[in-house]
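I would like to see how this sequence folds:
(one chain, ligands or ions: 2)
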Amino acid sequence: MSCLDCGAPAVATCTHCGAAACHDHLVATTEHLTITVPLNRQVTVEPAARRIRCHICQKAYDATNDPRGATQARSG
Ligand SMILES: [Zn+2]
Ligand SMILES: [Zn+2]
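Ligands and ions are numbered 1, 2, ... in the order given. Below is the predicted model:
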């Protein structure tokens, strides 16, 4: 399988879009999963899960979570 962006041998696939990506075009992050314990309390579990995204999906994800990248409020 080859990287969708550059054609180099792919090492992983994006968990969001499914595109194959090489080392240069993937972003490996971690995701903290939680469990709900009695009294509806959410507790983070260890270890953090690994999450692989291609660089495009990571940029899109960052845009939705970065206040500077968020859609500005419309006036009128
Ligand atoms: Zn690539
Ligand atoms: Zn992707």
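
tell me where the chain has strands.
12-13, 20-21, 26-31, 34-37, 41-44, 49-54 (DSSP state E).

so what are the sheet partners of the first one and their directions?
Pointing back at strand 12-13 there. strand 20-21 (antiparallel) (DSSP bridges).

the chain against ligand 2: which residues are in contact?
14, 16-17, 19, 54, 57 (CB under 5 Å from the ion). Heads up, the C-betas are built off the backbone N, CA and C, glycines and all.

for those, give me JSON lines that also has neighbour count, pLDDT and distance to E46.
Output for those, formatted as JSON lines (neighbours: other CB atoms under 10 Å; pLDDT from 0 to 100; distance: CB to CB, whole Å):
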{"residue": "C14", "neighbour count": "21", "pLDDT": "97", "distance to E46": "25"}
{"residue": "H16", "neighbour count": "15", "pLDDT": "94", "distance to E46": "24"}
{"residue": "C17", "neighbour count": "13", "pLDDT": "97", "distance to E46": "28"}
{"residue": "A19", "neighbour count": "20", "pLDDT": "97", "distance to E46": "30"}
{"residue": "C54", "neighbour count": "26", "pLDDT": "97", "distance to E46": "27"}
{"residue": "C57", "neighbour count": "19", "pLDDT": "96", "distance to E46": "25"}
